[in-house]
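J.: Sequence first, then the predicted structure:
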Amino acid sequence: MPLPANIRDFQNSLKEYGLDGYIVTHQSDLNYLTDFPQEGFALLVGRRKVWAMLPMLLKDHFQKSVPGCEILAAVSLLPALSKITQKHNLRRVGFDSEKELYARGKSLKDAGCVETPSLLAHLRAVKSRRDLERVEKACAMTAAAFRLLKPNIKPGRSEISVARELESLMTQLGGEGVAFETIVASGPNGALPHHRSSEKIIGKDQAIVIDFGCVYKLYRSDMTRTVFTGKPNGPYARIYGLVEKSQRAGMLKVRPGVAAGDVDEASRRVIARAGYGKYFIHSTGHGVGIDIHEPPRVAPKSREKLRPGMVVTVEPGIYLPGRFGVRIEDTLAVTSKGSRILTQ
């Protein structure tokens with residue numbers, strides 16, 4: 001049987017980088033290549049063959065799930081690597097020095113392997129049709145869960161109870177876990193972008209920032225909404241409208257050929273011109289896939305060009321210390337002609 005499509009795509013790229021093989025040990029990269037959800041294995045990807053080094057207890061499961069690989073069970077990476085490279089004349093073998101553990105990375109380098117970071121990151125940034133469908137499914141479940149939750153966000157509930165209900169709804173709709181720790185941040189807590197949901201009771205007339213996502217077949221979603229308990233007051237309504245305008249400006253920029261930094265600049269300009277620039281304290285967005293934060297970075301000075309198949313977030317925010325915060329985030333797929341919002 002043929003190797004998985006993502007492995008074949010990676011094999012085709014090795015020649016471009018002057019490599020005979022590449023060692024893959026990082027879990028997200030292994031998930032991407034094999035679609036195998038278990039931990040505790042490594043791959044050596046050659047231009048024509050692939051070797052999987054794994055414990056005996058994974059052998060049968062891996063063989064059924066990932067066709068086409070030669071399996072080396074109960075072996076250590078470095079001795080196995082030495083034998084394979086000599087037997088198959090793999091002279092130039094790379095590894096991702098940015099993701100590798102220090103000690104093993106040093107050993108690989110001492111063994112003659114070449115530091116070639118970000119090769120898989122470049123491939124993973126553009127999703128295949130199958131992988132994009134998985135992100136879409138995760139985003140659809142996330143958006144549907146929020147629609148069910150919204151009527152239940154009321155004063156008197158704790159932040160953590162709202163977070164748990166939202167997570168339960170995503171699971172009921174088919175999510176296989178949370179994409180990251182769900183954030184429910186009410187009142188002054190909303191001015192802390194990475195607040196941890198707490199036992200704090202949600203009060204009347206408070207802004208609540210809710211940042212959440214789920215996992216579907218290894219791929220993740222990311223979405224943020226800010227709601228108000230009661231009738232929105234003047235300051236909140238003004239800030240919310242400004243963030244909403246900023247997000248629209250950024251999303252309109254998401255299309256092929258545009259630098260990711262230009263998306264950030266479009267969103268940031270709206271907030272800065274209104275006098276709130278110093279309260280927008282993070283980048284505008286990021287790529288999403290198997291990891292919640294992937295390339296491209298939608299940040300100042302990021303020159304990476306957007307390409308069809310990329311998935312990015314646009315999530316401007318304004319955070320007023322001691323008062324409240326507002327963030328609105330959607331996940332978008334870059335299409336051949338523009339973009340499509342997945343979290344709606």
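T.: Yes, it's here.
J.: May I have the residues that are in contact with the residue lying closest to T335 once chain neighbours are set aside?
T.: In space, and not counting its chain neighbours, T335 is closest to P308: 5.9 Å by Cβ to Cβ, 6 or more residues apart in numbering. All C-beta spots, glycine's among them, are computed from the backbone N, C-alpha and C. By Cβ atoms under 8 Å, 6 or more residues apart in numbering, P308 lies in contact with V126, P256, V334, T335, S336.
J.: On the three-state scheme, P308 is what?
T.: Three-state call for P308 (DSSP: H, G, I helix; E, B strand; the rest coil): coil.
J.: How is the protein partitioned into domains?
T.: For the chain, automatic domain parsing gives the domain ranges 5-124, 126-341.
J.: Out of the ones you listed, which one sits most buried?
T.: domain 126-341 (a mean of 19; mean count of other Cβ atoms under 10 Å).
J.: end-to-end on that domain?
T.: Distance between the two ends of domain 126-341: 16 Å, counting by Cα to Cα, to the nearest Å.
J.: what about that domain, distance to the chain center?
T.: 12 Å (Cα atoms, centre = their mean, to the nearest Å).
J.: Show me which of the contacts of P308 is closest to G203.
T.: V334 (40.0 Å; Cβ to Cβ).
J.: and the gap between R327 and E244?
T.: As judged by Cβ to Cβ, to the nearest Å, R327 and E244 stand 11 Å apart.
J.: and what of G213?
T.: Distance, G213 to E244, using Cβ to Cβ: 20 Å.
J.: V298 reaches D264, doesn't it?
T.: Yes. Counting by Cβ atoms under 8 Å, V298 touches D264, with 5.3 Å between them.
J.: which residues are in contact with both of those two?
T.: G250, S283, T284, G285.
J.: Closest one of the residues you listed to R269?
T.: The nearest member of those to R269, counting by Cβ to Cβ, is G250 at 9.6 Å.
J.: Next, the closest one: secondary structure please.
T.: Per three-state DSSP, G250 ends up helix.
J.: Skip the chain neighbours and tell me the closest residue to it.
T.: Nearest non-adjacent residue to G250, counting by Cβ to Cβ, 6+ apart: S267, 3.4 Å away.
J.: where's K305 relative to P55, distance?
T.: For K305 relative to P55 (Cβ to Cβ), the value is 41 Å.
J.: repeat for L306
T.: Note on L306: its distance to P55, by Cβ to Cβ, is 40 Å.
J.: again with A125
T.: Taking Cβ to Cβ, one finds A125 at 31 Å from P55.
J.: just L119 next, same as before
T.: 26 Å.
J.: middle-most residue in the protein, spatially?
T.: I292 (2.3 Å; Cα atoms, centre = their mean).
J.: hey, where'd the strands end up in the stretch 151-300 of the chain?
T.: Assigned by DSSP state E, counting those that start in this stretch, the strands in the stretch 151-300 of the chain fall at 183-186, 207-212, 215-216, 219-220, 223-228, 285-287, 294-298.
J.: Any figure for the gap between E315 and T331?
T.: 9 Å.
J.: Give the residues shared as contacts by those two.
T.: Shared contacts of E315 and T331, defined by Cβ under 8 Å, 6+ apart, are found at D222.
J.: hmm, back to that, weakest of the domains of the chain by average pLDDT?
T.: Mean pLDDT is lowest for domain 5-124 among these, at a mean of 93.
J.: and that domain, how far out from the chain's middle?
T.: Computed by Cα atoms, centre = their mean, the chain-centroid distance of domain 5-124 equals 22 Å.
J.: Can you give me the end-to-end span of that domain?
T.: End-to-end for domain 5-124, by Cα to Cα: 12 Å.
J.: go on, stretch 281-294?
T.: Stretch 281-294 stretches 19 Å from its first residue to its last (Cα to Cα).
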